[in-house]
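Peer 1: I would like to see how this sequence folds:
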Amino acid sequence: MNRQELADLIFPDARDISYYEEKYPERDLPEGAVVTRFAPSPTGFVHIGALEQCIVETSLVKKTGGVLILRIEDTDQKRKIENGVQGIIDSMRDFDIIFDEGMTSETESVGDYGPYIQTQRKEIYEAYAKYLLIQDRAYPCFATEEDLADLRSRQEEAKVGNIGYYGEWAIYREFPIEEAAARIRKGEPYVIRFKTMGREDGRITHRDMVKGKVEIPQNIMDIVIIKGDGLPTYHFAHAVDDHLMHTTHVIRSSEWFPSVPLHLELFHALGFKAPKYCHYAPMLKSEAKVDENGSVILDENGETVTFKRKISKRKDPEAAVNFYHRAGIPAESVKEYLMTVANSDFEMWRKNNETADLYDFPFALKKMSSTEGALFDMDKLIDVSKNVIATFSAQKVYEDVYAWAERYDEMLCGMLQDKEYSLKVFGIERGEEIRKKRKDIGRWCDVREYISYMYDDQFDGKYDYQLISDRETLETIFTLYAEEYYDPSDDSDRWFERIKDLAERLGYAREVKIWRKAKDEWPGHVGDVSTAIRVAVTGRRNTPDLWQIMQVMGPERVRARLRLAAESLN
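Peer 2: Residues are numbered from 1 along each chain as shown. As a prediction, this is how the structure comes out:
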């Protein structure tokens with residue numbers, strides 16, 4: 001028996017690989033077009049690192065006229081969850097990640113290079129595995145779990161440098177073809193292993209699009225390429241899929257970098273041109289070190305000792321992309337933040353291009369971090385989000401907040417029922433004509449707290465004046481302002497001039513700069529008086545522009561608030 005006959009025995013129905021080479025021809029794309037893929041497993045929620053990857057991929061594809069593929073790697077059937085594919089699609093759609101090709105639902109897809117679910121490509125993998133068998137680059141292996149456990153024990157006892165199935169330890173690597181065929185005919189379980197040509201002392205030179213030129217050890221492991229259930233392993237399937245789908249760039253976390261020698265060897269053995277690999281550092285999280293009793297460890301200065309680790313699906317709620325929707329952080333904000341993580345010069349570009357589309361940024365793979373990933377920083381994310389939301393129109397803020405409140409905040413949803421009034425509320429310090437836009441809102445879950453004073457049924461009537469605490473002075477300010485100085489028809493400048501007039505009448509400095517020159521001569525300045533009015537009207541010392549607030553509230557509500565504040569003094 002020869003190798004062709006053994007291959008026919010194992011894969012009797014497999015087509016010649018020429019069939020698939022013709023079926024999936026080269027793509028007709030512009031020169032330099034990037035073809036890349038997001039290839040998740042339908043085993044749970046989408047990780048924030050995966051979203052970063054998709055943003056990078058989308059940026060490159062848009063700039064080059066390329067293709068972004070959604071391919072589902074579901075060969076690990078034990079971990080597959082119900083509706084896992086739809087969950088992936090919905091999660092990415094929430095962040096406006098739209099794939100050019102691949103799965104569009106649990107059962108539907110678009111594109112000419114499918115199927116896009118690996119379990120539906122079994123016959124393709126069989127064809128290429130059969131090719132490797134014929135070329136003497138693969139072989140059937142009958143090692144049981146007990147055999148492999150014994151192998152590991154012997155390797156550990158011998159203190160070998162590499163633990164695994166390779167070289168002299170690969171007991172079925174040179175197994176006689178006739179004996180292998182006899183076992184297969186008897187129905188003995190087996191897997192198909194790749195026969196590596198790598199040596200323990202061998203090295204290869206590789207150029208990574210992020211890490212640059214590196215020298216790394218050759219692959220020496222005879223890995224499984226077809227499992228006992230007939231499905232491929234990730235390593236084998238991705239090589240076949242990326243070749244037939246004409247992937248030009250594989251963009252992934254540097255956790256996968258140790259697999260590069262194996263993947264390059266697989267491509268070479270199959271006669272494929274390898275794609276360009278781009279391995280970037282994953283995001284990290286800082287965590288306090290604790291002792292065996294669970295107590296936080298401090299250094300000699302009393303500071304908490306920390307360490308860095310990858311963001312964990314198990315430990316960190318922010319690892320899941322749906323966390324950001326529950327928290328009310330807009331998709332635009334999350335994407336903006338992740339772009340700052342992906343390329344350090346994005347922030348400067350954004351400062352100079354405030355209204356430009358995210359994907360107009362000249363993204364560069366070589367500027368991604370190749371060693372240590374950026375620390376995930378929720379405070380930084382919220383700051384970025386405040387800047388992003390500051391660019392939104394009142395209409396968009398209202399629509400996005402209302403959509404979020406419908407799902408997560410019944411009280412806020414009720415407050416926003418008066419759409420016309422709420423649009424005015426969200427329009428305060430917002431709009432193209434506003435030079436300094438409000439940046440107080442970073443996430444929708446904070447909105448109710450930020451705007452509650454604008455709604456009478458939410459106004460708590462609590463006051464913290466601080467700067468002016470004398471009851472009679474406060475009562476005089478509120479009464480005089482309501483009766484003599486407040487005119488809702490005033491523009492912003494005239495409105496503040498009247499407050500200056502009131503401050504001067506009550507003996508306060510008309511200008512802050514005057515007060516600063518002779519603080520002992522004045523009980524305070526116009527800012528103290530305006531703050532007292534602000535607290536009376538809103539219950540807060542810090543708010544957006546008070547004139548705009550009063551314009552939205554209207555004279556009846558403003559005067560009612562001033563009366564309520566005066567009455568509360570008693």
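Peer 1: which residues touch the residue lying closest to Ala170 once chain neighbours are set aside?
Peer 2: The shortest distance from Ala170 to any non-neighbouring residue, by CB to CB, 6 or more residues apart in numbering, is to Asp222 (4.9 Å). Any C-beta I mention is one placed from the backbone N, CA and C, and that applies to glycine too. The neighbours of Asp222, taking CB atoms under 8 Å, 6 or more residues apart in numbering as the test, are Cys141, Tyr165, Tyr166, Ala170, Arg173, Arg193, Phe194, Lys195, Thr196.
Peer 1: out of these, give me the one that has the most neighbours.
Peer 2: Counting neighbours by other CB atoms under 10 Å, Phe194 comes out on top of the contacts of Asp222 with 25 neighbours.
Peer 1: so who does that residue touch?
Peer 2: So Phe194 contacts Leu132, Arg137, Ala138, Asp222, Ile223, Val224, Ile225, Phe236, Leu266, Ala269 (CB under 8 Å, 6+ apart).
Peer 1: hang on, the earlier thing: the contacts of Asp222 in helices, which ones?
Peer 2: Using DSSP state H to define helices, no part of those is located there.
Peer 1: which among the residues you listed gets closest to Val46?
Peer 2: Of all the contacts of Asp222, Val46 sits closest to Phe194, with 30.5 Å by CB to CB.
Peer 1: beta partners for the closest one?
Peer 2: According to DSSP bridges, the residues that bridge with Phe194 are Ala138.
Peer 1: quick check: the two most widely separated of the contacts of Phe194?
Peer 2: Across the contacts of Phe194 (CB to CB), the longest gap, 14.8 Å, separates Val224 and Ala269.
Peer 1: picking up where we left off before, got the contacts of Asp222 as JSON lines, with pLDDT and distance to Trp547 columns?
Peer 2: As requested, those are arranged in JSON lines below (pLDDT from 0 to 100; distance: CB to CB, whole Å):
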{"residue": "Cys141", "pLDDT": "98", "distance to Trp547": "79"}
{"residue": "Tyr165", "pLDDT": "97", "distance to Trp547": "76"}
{"residue": "Tyr166", "pLDDT": "96", "distance to Trp547": "76"}
{"residue": "Ala170", "pLDDT": "96", "distance to Trp547": "80"}
{"residue": "Arg173", "pLDDT": "97", "distance to Trp547": "82"}
{"residue": "Arg193", "pLDDT": "98", "distance to Trp547": "76"}
{"residue": "Phe194", "pLDDT": "98", "distance to Trp547": "73"}
{"residue": "Lys195", "pLDDT": "98", "distance to Trp547": "79"}
{"residue": "Thr196", "pLDDT": "98", "distance to Trp547": "75"}
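Peer 1: how about those, which pair is most distant?
Peer 2: Pairwise over the contacts of Asp222, using CB to CB, the maximum falls at Cys141 and Thr196, 13.1 Å.
Peer 1: Arg443: which of the contacts of Asp222 is nearest?
Peer 2: Of the contacts of Asp222, the one sitting nearest to Arg443 (CB to CB) turns out to be Phe194, at 48.7 Å.
Peer 1: so Leu338 sits against Ile55, correct?
Peer 2: Yes. Look at Leu338 against Ile55 with CB atoms under 8 Å: they come within range, at 5.4 Å.
Peer 1: Glu101: which of the contacts of Asp222 is nearest?
Peer 2: Phe194 (28.4 Å).
Peer 1: what ranges do the helices span in the stretch 301-450 of the chain?
Peer 2: Taking DSSP state H, counting those that start in this stretch, the helices of the stretch 301-450 of the chain run over residues 322-326, 331-342, 346-352, 378-389, 394-408, 410-415, 419-426, 447-451.
Peer 1: any idea which of those helices is most buried?
Peer 2: Ranked by mean neighbour count, the helices of the stretch 301-450 of the chain are led by helix 331-342 with a mean of 22 (mean count of other CB atoms under 10 Å).
Peer 1: tell me the angle that helix makes with helix 394-408.
Peer 2: Counting by axes from the mean of the first three to the mean of the last three CA atoms, to 10 degrees, helix 331-342 lies at 100 degrees to helix 394-408.
Peer 1: tell me the angle helix 331-342 makes with helix 378-389.
Peer 2: Going by the same axes, to 10 degrees, helix 331-342 makes 130 degrees with helix 378-389.
Peer 1: pull the CA atoms of helix 331-342 into PDB?
Peer 2: Extracted in PDB, the C-alpha atoms of helix 331-342 (Å, rounded to 0.1, in the frame of the first residue of the first chain):
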ATOM      1  CA  ALA A 331     -20.700  53.200  20.600                       C
ATOM      2  CA  GLU A 332     -19.000  56.200  19.000                       C
ATOM      3  CA  SER A 333     -17.200  56.900  22.300                       C
ATOM      4  CA  VAL A 334     -16.000  53.300  22.800                       C
ATOM      5  CA  LYS A 335     -14.700  53.200  19.200                       C
ATOM      6  CA  GLU A 336     -13.000  56.600  19.700                       C
ATOM      7  CA  TYR A 337     -11.300  55.400  22.900                       C
ATOM      8  CA  LEU A 338     -10.100  52.100  21.300                       C
ATOM      9  CA  MET A 339      -8.600  54.100  18.400                       C
ATOM     10  CA  THR A 340      -6.500  56.000  21.000                       C
ATOM     11  CA  VAL A 341      -5.400  52.700  22.300                       C
ATOM     12  CA  ALA A 342      -4.600  51.300  18.900                       C
END
